[in-house]
Each structure stands twice: as C-alpha cells, then as structure tokens.
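Novice: build me a structure from this.
(2 chains)
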Amino acid sequence: MSSPTVDLIEYDDAVARFDPVIGIEVHVELGTRTKMFCPAEAVFGEEPNTAVSPVSLGLPGALPVVNGTAVEYAIRIGLALNCSIAETCRFARKNYFYPDVPKNFQTSQYDEPIAFDGYLDVELGDGTIFRVEIERAHMEEDAGKNTHVGGATGRIHGAEYSLVDYNRAGIPLVEIVTRPITGAGARAPEVARAYVQTLRDIFRTLGVSEARMERGNVRADVNLSLRDTPESPLGTRTETKNVNSFRSVERAVRYEVSRQAAILAAGGTITQETRHWHEDTGTTTAGRVKSDAEDYRYFPEPDLVPVAPSRAWVEEIRSGLPEMPVARRNRLQSVWGYADAEMRDVVNAGAIDLIEATVAAGTAPAAARKWWMGELARSAKTDQVELEDLRVTPAQIAELQGLVDSGRLNDKLARQVLEGVLAGEGSPGQVVVARGLEVVSDDGALLAAIDAALAAQPDVVAKVRSGNLGPVGAIIGAVMKATKGQADAGRVRALVVERIGTDG
Amino acid sequence: MADVTRLSAAELADALGARELSSVEATQAHLDRMAAVEPAVHAFLHVNAEDALATARGVDARRAAGEQVHRLAGVPIAVKDVVVTKDMPTTAGSRILEGWIPPYDATLVTRLRQAGLPILGKTNMDEFAMGSSTEHSAYGNTHNPWDLDRIPGGSGGGSAAAVAAFEAPLAIGTDTGGSIRQPAAVTGTVGVKPTYGGVSRYGLIALASSLDQAGPVTRTVLDSALLHELIGGHDPRDSTSIDEPLPGLVDAALRGATGDLTGVRVGVVTELDGEGYQPGVRARFGEALALLEQAGAEIVQVSCPHFEYALGAYYLILPSEASSNLAKFDGMRFGLRVEPADGPVTAERVMAATRGAGFGPEVKRRIILGTYALSAGYYDAYYGSAQKVRTLIQRDFAAAFTHADVLVSPTAPTTAFRLGEKLDDPLAMYLNDVATIPANLAGVPGMSLPSGLSDDGLPVGFQILAPAKADDRLYRVGAALEAMLESVWSGHILDRAPELEVGK
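Specialist: Numbering: from 1, shown residues only, chains lettered A, B, ... in the order given. Alright, predicted model coming up:
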C-alpha cells in the first residue's frame, strides 16, 4: 500500500530500475457550430445556461440527433491518425448520476468506435521518430460545468452550494485512446508530451478544433505503470486525470514514475486508481480506487440509429485532408535538402512557414535558412520576440537575397540593409538607395531593357509607385522576355523596384 | 342537431366544414360532457378549457374568412399526459413531474396545433406508462365507462375512457407493449399503434425508446386513419423516424369500408389463442374471422413459435431502457425536488430523496429490474439474450407475412378486470399484454377494434397486425370488419354502453 507521506525515487534511478509503460486518453472538443446532438450553439464563455435546448438540458421527451459535421470531424481525426473508419457504428449510453450530466447518462461510443487501429508518428527533441499506436477514436458529448461556491476554492468539499452551467453539456468530443506505449524507456515523459503536442497540431491543421489547451479544448488523462523489464508483464497502472498542458503531461509522467518506483522499490504494490494532478506542486494525489469504479451499464443508445459513413464519403474526406505536420516537414526537408539537424532546428525555431514563403518568393532554400536561422534568429533573440513578429517579411528577405545574388550587395552590405529593413526604413531596395549601400555593377544592358519595359507600361509603374507591388511581375516578365531569359530575375526585380523608386 | 359528442370525428369534421356547427360549440359540448362524467370516470389529469376554446375560436374565424383549413380543424382532442405540451402541465402520471410546465411541444402536438385541433386536456395513465390498468397513476385510477368498478386498461386508460365516454372524439395514446390497443379493447374503442418510426417520438416522455410509439385512439377506424395521417410522417428531430411518406391510410379505410376483402390473406396466429383466453373473447374472435371470410378474405393459420418468449424479452428490454430513460428525473433541473429529512443536503442525497419520494412502486420495481439486467456480468445473460429473442420474433413475423397479408388475434386475453384485482400480482398484470407485445418488439403496426361483447357484457378487442410500413392494411381490413360488425349490431358498440349521466 502507498503511504500518505510520499517518498520519491530520483527519476534517473527509477527508470534505471523499472520500465515505464504509458497510455494516454486525449479528449478534444470539436469546433462545430452546434452541439453533438442538438441545435444549441457550441460556444465558450457565454452567460451560463443560455446555449441550451431541451435536448442538452435533458428535458423529458427530448431526443438526440447526431451532428453530421461532428461525424465528419471525427472521421478526419481518424484518418489523420491512420485509423480504419467503421462502416457502421453505434452510440451507447454510459449511465451514471452526476448533476453536470443532464440525462444522468452520457451518450458516447462504447464497443463500436467510429475509428480504430491507427498510429501516430511523433518526433522527439533529437529527431527520433516514435510510433504511438492508436486503439480507437470515438465520439461523445461533453458534460456541463460545476462551480462549487463557498468553502475551499473551487472544491466540492466544504462548499455551501454548487452551480451548474449546461452551456458545455453536449459539445461534441472525440476521445483518442492509445494502446499501451512501450519501449519509450527513460524518454516516456518526453514521448507523452510529444504525442499530445503532435495531436494538438493535427487538430489545428485539420481545422476540427481551436485546440486551445488553456480553454480545456484538449484534455489528457495519463496512464502509467512500471514493470521490472521490457519483457515483464504490464504492471498495475494509475490514471492521472485532466492533465491539461504539454509541460504538465511531461511532469505528471515523471512524477508518477518516481512515485510508483518508490513504492515498488520498498516492496509495496500499486493501487489501481485515478489520481488528481496538481499543477502548482507538480504532484498527484489519490482519487477513485478501481474497486469503487461505477458500473456504467453501457447499452446501445436506442434513440439513435447507427452511424454508417459511406465509403465514398470517407474517401472524399480523405482526399480533402490537409497535409499533416510531420508529412509536410518531411516533404519540405527532402525538397530543401536540409540535414536532419538543420531541419530540426528550423522546426524548433518555428521558422518552417517563413522559410517556405521565402523560398516561394524565389530564394534558394539554403540561403533562406541562412537568413532566418542566422541573422534573424539572433535579432529575434535579442529583442525577445518570435521570428514571425520581426518587422520583415519573407518577400523582403527574398528581395534582399536577390540583391546579393545579382552582385549588387555583398554579405556585409546585405546585413546593413537588413538592419535598415528591421528598423523600419522600408524595403531592401529602398534601404539600399536611402543608405547608398549599392555595390558598383554593370547593369547597362538590363537597365536599357527595364527602361523600355517601364516606358511601355506606364500604368503598371503608376500602380507600383502608389504602393502596390503586385504588378511589378509584369515588368520583370517583359524584361525577361526581352533578354531571352538570360537575366537574373532577382537582380531585375531589384533594379525595377529601385528604378521606379528612384524616379518617384 | 343531435348530441354533438356522439358524432365521430369524421362526422364532426364534416359538420364543421359545412358550417352547420362551430368549433366553439363542439368544443364546449365536450367540455360540458367532461364536467358531467369526469367525477365518475376520471379520464383527465388536466382540463385545458380556456386554451381549447381559444383554438376553437381561431379555427371558426379562419373558416368564416374562407381560409383553407385541415379537415380535422376544430375537432377537439385529448392528449395522453406522457406527451409534452408547452404551457400545459405534463406529469406522465407521476408525482415526480407534479407542477412541471414544459417549455416546448412534442412534434405531434405541434401538428395538432397547426391543424387547429382544440386540446381538451391531458389524460390519465399508469405512471410513466408502466401498467395495464391505469391503477399505477399517481393521481388516482380511471374508471371503465362500461363498468365503473373495472379498469379501463393501461397504460392509456385515460385516453380510451375519454373517447369511450364521449368526452372526446379523438385522443392520442402511446403504445410500448399494448398501451393503446389493450385499453381500446377493454373500452370498446379503436386504437392503433403505428409502425415504429411512423409517428415522431420527439416530445414523448420515453418509457422504452426502442418500443414506444404514439398513435390514435378513436371510436371508428376512419377516425384513426384521419388522425394517424395528421400526426404521422417524418420528423428530423427523431432519428428513428421513417423518412418516407405514409401510405394512404384514409383511402385504405374508405376502401375497406366497402366490405370487399377479396384476395386478402388473413393469418391467425396459433400462439395467440387458446389457453388463458376467456371463452367469450375466443367466441367473438371466431365470429369476426367468419365475417372476414364472408368478405372474401382467405383465412390461414400461421405459427410464430418464438412469441412465447416475447413477454420475457419485453420485461428485460423495457426495464433496461426505462432505468436509463428515467435517470433524468433527479430533482436537479425540473419537477419534484425533495431534500433529505436529515443529514447533509448533497446532490446525491437530494437525487435519492427525490426519486424515493417521486416514483411509485411499479416504476421503482422496473428501474431496479432494468438496472440489474444491464449490470456488468449480467448484460449478456439478460439484455443480450432478450435482444436475440427480439430478432427471432422479427423473423417469425417476416416468415408469417410471406403467408398472410395481415395477422390477427384477440387483442387481450380477457375483458376488463376489476379495479384492484391484479394490483398485487405484477405477473398477472403483465400477462394482459401477451398478444400486443410482439408487435412492439418487431416494430410492426397493430390495431385493436371492437369485435363485440363477451359473456360478461364487456367489450372484446380484435387485433390486426401488418408488416412494417404497411399500416394501410390495418385500415383496410379493420374498416371492412367494422362495417360488417356494425351491420350485425345495427349501430356502434358504444351505443350499448351504459349511460353515465344521471337523467339522460
């Protein structure tokens, strides 16, 4: 038995002696307009008990109707997690009495989830890919929210009375359940965190949820058990409920490893129970013991017909799925030719979108990475801001690199130009002119072609001069045509911009 | 004009359409009749006089203005108290809903209101429709107009007695195992349980979701057809509602009334006759068969070998679903709220005290049965086995309907028993529904119509069953039999019922 005063074993010692096995249940609130089973709006932060209907209040006579968009979102999630999608599946009633459950049963899925048998590859800090097997993803409805007034803050014990807000009752949820995650060893906390974080990114990429952890859009329950060796049978697990930030997921696993290891090392046994997570202390305390667990008396929901997504619909959803974060980064790494470590740094720095946009604007991938991970990363660090908050756009970086490529700027001058751009002095071309930083070069032939193109398209010139840089491509195109494609486009662009700028 | 309350709904509708009579007059006549006989019959739990007369005035004004109105517009109706009515008390015969005023209308009530039928009031019933005698109402029992010392059937004894006592030409009933048909049989009225999914369940306080179905209670087959067509048809708020147009029911009734059943195969269910059936019931059944044969029908014997298990399966499925459906009655959001006499006032203890005080003994009995049947370790043996029996019964029907277009049997084994006679013997009470339950388990439609009086001078019911979505066959065969019987009797069976009003 565990003792009330908790002894811990140092984490490193704990994982040296025992093999941790984790299992994670993630609930995500879907961002549908209406609730899972009724037309009441699915909203956050409204006046209590205003986003309700006879169905979400559980009034006598009310009947549920499945939200088709929620089913589509659940299928999207299932497909993104490489799951099979059920040809037919049913809802079930999970019966238990609690005031935040209006019908005193939750309409959920039990033995027939909409998605099952999938996996998710998550990347750890050092680039290791770890495969997490997904047992199932099923649809259900959220409960209302209890507020306990009086007594200890927010606790039911000692409260004078409790209030219930049913606005959240009936908001669609998808619960994603992993198989036991083995083989993570000492990295179990990191795997747990990376898994939840990757799921969050996927929810956002899929557009199925705002996935805001601080609002409880994504909630994780973390199961953990220890065993002597990876060959041993699974040990008794605990389930730490409602661990609602990435960092907490990692900390909760670490804590439970240390706590359980201390009990086992002292010859004790683990009690199968739920545990409460305490964010402030980073510890868990005992909740409900398994032997007290309620019998939910599941049975098929007779008020709903089975959900039978046609194969054509599933394939239509599959073909419309956006590229998943890991696939995208693998594709971009391959296209850009970055080394693993380089790509990892790019991802960790949050530079992937910025580099992609810079490359799209005509810059070579290596040069784009050099700017964003070098000079700009230093600048962001100095200013303590994110890269994307710097006062420079990928198009401007492309322009700057164009000036370098065309020989009009050397590296030293380019850094000065960038300094000017970051200081708000205008585009690289404007900074070059304003600061007089241009290197001498012979652009006579190009300038002649540019002048001819400018003279032929005065309307474009006027637009560009009025601040609309879009049509500048028309001039570049004309110059490229006149020079039979032999000109350096970046250089032409810089010259065109400068020419128009100078004339103005 | 003769006594307006003696007219059938179709006759009343014709008179209203011809402007020989106003809806206010018709409604007032029924309210007067209620005032006269309610002290003896007690069919109503709530009388809705003001609102009914307001509806009547509205319909009269629309007719006077030459507006097109529904054929039944202005014909008053009684509604079983298990159907949710906005701004009108709805108790389902239970103390636990005393004083509850629903904020919304059941779909079928919306259709009644839109068609302009004045709602006279809410009719008495066994608590939550659990019973076959209306003795389980928390608000006193209803008396059979044929013999005030006898039960009016149940659970919809109030609706059947109201129609039989000429308090209303039309009523709404609900039928989970016979609660429309058995009361019709013992009161000399017509009752129809439509195909499951044929009438929206939205706003019916659920007893057993997979069995419940609302339907008409009337004095003639044609009146049932008219009401059935009004309340039937697809409702997107009920997932189990059939998304197809109803077959022509009024047309079928009119066709049947010509008395020609040439080519119709009538199957007599071997298992629904014989032991346990009162001799007078069997005699009237045999005579009705002879009439059908005279009308050109072919009488065949069919066997439904699994019907003998229907009662057992029903009393597992019904309590299981009911135990979950009735969980919402907990004093937290609506209806009765009872605080524990002593000790702390926690949500759990308020729920327990409310349910302890608010539910009657039969409801508690079935909640306990259902909770047990769904419990872990018992589910497969009880609920699971019952569902298998259900499948076998559906197959019995499918096989029988290859030999016959309709199946027939006595509706109930006996005529109305005496009040209190079976109150202490639940099994004897349950056996009343032995012939009606198979239709609910299979989802097929059924009708009961009067086939004469037994040796004790009390009405006997004749049951017709048809394949799912072939409700029109009930009306064709029923109308034919009704026409022939009324020719034999030279009038309606209720003409032979004792007069309830002193001095008439």
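
Novice: which residues touch residue 114?
Specialist: Reading this off chain A. A:71, A:74-75, A:78, A:85-86, A:89, A:137-139, A:307, A:309 (C-beta atoms under 8 Å, 6 or more residues apart in numbering or on different chains). In this view, the C-beta of every residue, glycine as well, is placed from N, C-alpha and C.

Novice: right idea, wrong chain: chain B
Specialist: Contacts of B:Gln114 (C-beta under 8 Å, 6+ apart): B:His70.

Novice: could you do B:Ala184 as well?
Specialist: For B:Ala184, the contacting residues are B:153, B:160, B:190-191, B:217, B:411, B:448-450, B:461, by C-beta under 8 Å, 6+ apart.

Novice: do that again at 6 Å, thanks
Specialist: The contact partners of B:Ala184, by C-beta atoms under 6 Å, 6 or more residues apart in numbering or on different chains, come to B:160, B:190-191, B:448.

Novice: now B:Val408
Specialist: Listed by C-beta under 6 Å, 6+ apart, the contact partners of B:Val408 are B:266, B:268, B:464.

Novice: could the contacts of B:Ala184 be laid out in TSV, adding distance to chain A?
Specialist: Putting the contacts of B:Ala184 into TSV (distance: C-beta to the nearest C-beta, whole Å) gives the following:
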residue	distance to chain A
B:Ala160	22
B:Val190	26
B:Gly191	21
B:Ser448	25
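
Novice: in those, which residue is surrounded by the most others?
Specialist: Counting by other C-beta atoms under 10 Å in any protein chain shown, B:Ala160 has the largest number of neighbours within those, with 37 neighbours.

Novice: where does pLDDT dip in the chain?
Specialist: No chain was given, so I picked chain A. Applying pLDDT under 70 to the predicted model, the residue ranges of chain A that meet it are A:1-5, A:152-155, A:291-293, A:438-442, A:483-488, A:502-504.

Novice: actually it's chain B I care about, not the one you picked
Specialist: B:1, B:502-504.

Novice: which bits of it sit near chain A?
Specialist: When proximity is defined by C-beta under 6 Å from any C-beta of the partner chain, chain B lies next to chain A at B:84, B:104, B:202-205, B:209-210, B:238-239, B:321, B:324, B:327-328, B:332, B:347, B:351, B:374-376.

Novice: any idea how far chain A is from the residue nearest the centre of chain B?
Specialist: Nearest to the mean C-alpha position of chain B, counting by C-alpha atoms, centre = their mean, stands B:Ile180 at 2.0 Å. Counting by C-beta to the nearest C-beta, to the nearest Å, the gap from B:Ile180 to chain A is 18 Å.

Novice: just the strands in chain B please.
Specialist: In order along the chain, chain B carries the following strands (DSSP state E): B:44-47, B:77-80, B:119-123, B:170-174, B:190-193, B:214-218, B:265-269, B:298-302, B:406-410, B:446-453, B:459-465.

Novice: using JSON lines, lay out those strands together with distance to A:Glu41.
Specialist: Shown next, in JSON lines, are those (distance: least, C-beta to C-beta, whole Å):
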{"stretch": "strand B:44-47", "distance to A:Glu41": "34"}
{"stretch": "strand B:77-80", "distance to A:Glu41": "31"}
{"stretch": "strand B:119-123", "distance to A:Glu41": "32"}
{"stretch": "strand B:170-174", "distance to A:Glu41": "32"}
{"stretch": "strand B:190-193", "distance to A:Glu41": "37"}
{"stretch": "strand B:214-218", "distance to A:Glu41": "30"}
{"stretch": "strand B:265-269", "distance to A:Glu41": "51"}
{"stretch": "strand B:298-302", "distance to A:Glu41": "53"}
{"stretch": "strand B:406-410", "distance to A:Glu41": "48"}
{"stretch": "strand B:446-453", "distance to A:Glu41": "41"}
{"stretch": "strand B:459-465", "distance to A:Glu41": "44"}
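
Novice: quick one: secondary structure of the residue lying closest to A:Leu454 once chain neighbours are set aside?
Specialist: Distance criterion C-beta to C-beta, 6 or more residues apart in numbering or on different chains; nearest residue to A:Leu454, sequence neighbours excluded, is A:Val461 at 5.5 Å. Local secondary structure at A:Val461 is given as helix here, using DSSP: H, G, I helix; E, B strand; the rest coil.

Novice: distance of A:Val461 from chain B?
Specialist: For A:Val461 relative to chain B (C-beta to the nearest C-beta), the value is 60 Å.

Novice: tally of neighbours for that residue?
Specialist: With other C-beta under 10 Å as criterion, A:Val461 counts 21.

Novice: that one is in contact with A:Ala453, isn't it?
Specialist: No - if you go by C-beta atoms under 6 Å, A:Val461 and A:Ala453 don't touch, sitting 9.4 Å apart.

Novice: which SSE is the residue nearest to A:Gln430 when sequence neighbours are not counted in?
Specialist: Nearest in space to A:Gln430, with sequence neighbours left out and distances taken as C-beta to C-beta, 6+ apart, is A:Gly501 at 5.9 Å. For A:Gly501, the enclosing helix or strand under DSSP states H and E is helix A:489-503.

Novice: distance-wise, check B:Phe166 relative to chain A.
Specialist: 29 Å.

Novice: residues touching that residue, list them.
Specialist: Contacts for B:Phe166 (C-beta under 6 Å, 6+ apart) come out as B:5, B:33.

Novice: next one: it from B:Pro459, what distance?
Specialist: When distances are taken as C-beta to C-beta, to the nearest Å, B:Phe166 and B:Pro459 turn out to be 15 Å apart.

Novice: count the neighbours of A:Asn146 for me.
Specialist: Residue crowding around A:Asn146 was assessed by other C-beta under 10 Å; the count is 16.

Novice: hmm, back to that, look up how far A:Arg465 lies from the residue nearest to A:Gln430.
Specialist: Counting by C-beta to C-beta, the gap between A:Gly501 and A:Arg465 amounts to 8 Å.

Novice: quick one, which of these two is more surrounded?
Specialist: Here A:Gly501 and A:Arg465 are set side by side on neighbour count (other C-beta under 10 Å), and the busier one is A:Gly501, at 17 against 12.

Novice: before we move on, the earlier item: tell me the one of the contacts of A:Ile114 nearest chain B?
Specialist: Minimum separation from chain B among the contacts of A:Ile114 (C-beta to the nearest C-beta) is found for A:Val307, which lies at 10.1 Å.

Novice: run a quick neighbour tally on A:Arg311.
Specialist: Using other C-beta under 10 Å as the criterion, A:Arg311 is surrounded by 9 other residues.

Novice: wait, A:Ile85
Specialist: Neighbourhood size, A:Ile85 [other C-beta under 10 Å]: 22.

Novice: quick check on it: phi, psi?
Specialist: A:Ile85 has phi and psi values of phi -100, psi 130 when expressed as degrees, to the nearest 10.

Novice: ditto for A:Val174
Specialist: Geometry field for A:Val174 lists phi and psi as phi -120, psi 130, criterion degrees, to the nearest 10.

Novice: which residues does it contact?
Specialist: Contacts were defined as C-beta under 6 Å, 6+ apart; by that measure A:Val174 touches A:28, A:74, A:77, A:137, A:139.
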